[in-house]
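Q: test case, fold it:
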Amino acid sequence: MDRVVELFLAFAIAIVASVQLYTTINNNSGTSQQTDQLIAAAKISAYASNQNAQASRNFADSARSINGGINDAVGKLSRQASIADEARATSQEASRESLSSTIRAFHLDQRAWVSIKSVKLTKPLSVSDKAEITVTLANTGKSLTCPLLLNHS
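A: The predicted structure is shown next:
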């Protein structure tokens, strides 16, 4: 009865490992492209935010020098510049957070992943002997896995 349980557990482990391998392969294929797209979008967003903020500051400075005698107009333009600067700061912070998320996703994408490649019965099953199986592991991540040795009796 113990042999049947051992075989059932080995078969269940092989199925779970196969599902994990399939999921890992599917996740890894899209993550790299998405990471590159997120990095490019974050850079574009940060550049546009800085350009908008600089344009807002330049506009406010020009308006003050041209309309020095019109206090009401200068006050309105100054408030608009402040709002634009707050929007820039908010956008810049969102860009930083997006870049940080992208970097975290990139690190996760680059880590080592180990999965079961195959499970084989080494010798025929016998009631009097222990079952022997060979499990082949595969490094499916983008980084190498440290040497790994498993031994179970």
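Q: nearest residue to residue 119 other than its sequence neighbours?
A: residue 14 (4.4 Å; C-beta to C-beta, 6 or more residues apart in numbering). (C-beta placed from N, C-alpha, C; glycine too.)
Q: swap in residue 144?
A: The shortest distance from residue 144 to any residue other than its chain neighbours is 6.2 Å, reached at residue 112 (C-beta to C-beta, 6+ apart).
Q: contact partners for the most centrally placed residue in the chain?
A: For the chain, the residue nearest the mean C-alpha position is residue 105 (1.6 Å; C-alpha atoms, centre = their mean). Shown in contact with residue 105 (C-beta atoms under 8 Å, 6 or more residues apart in numbering): 31, 34-35, 38.
Q: same check, this time on residue 25
A: residue 140.
Q: cool, residue 127 as well?
A: Residue 127 neighbours (C-beta under 8 Å, 6+ apart): residue 3.
Q: same check, this time on residue 31
A: Contacts for residue 31 (C-beta under 8 Å, 6+ apart) come out as 105, 108-109.
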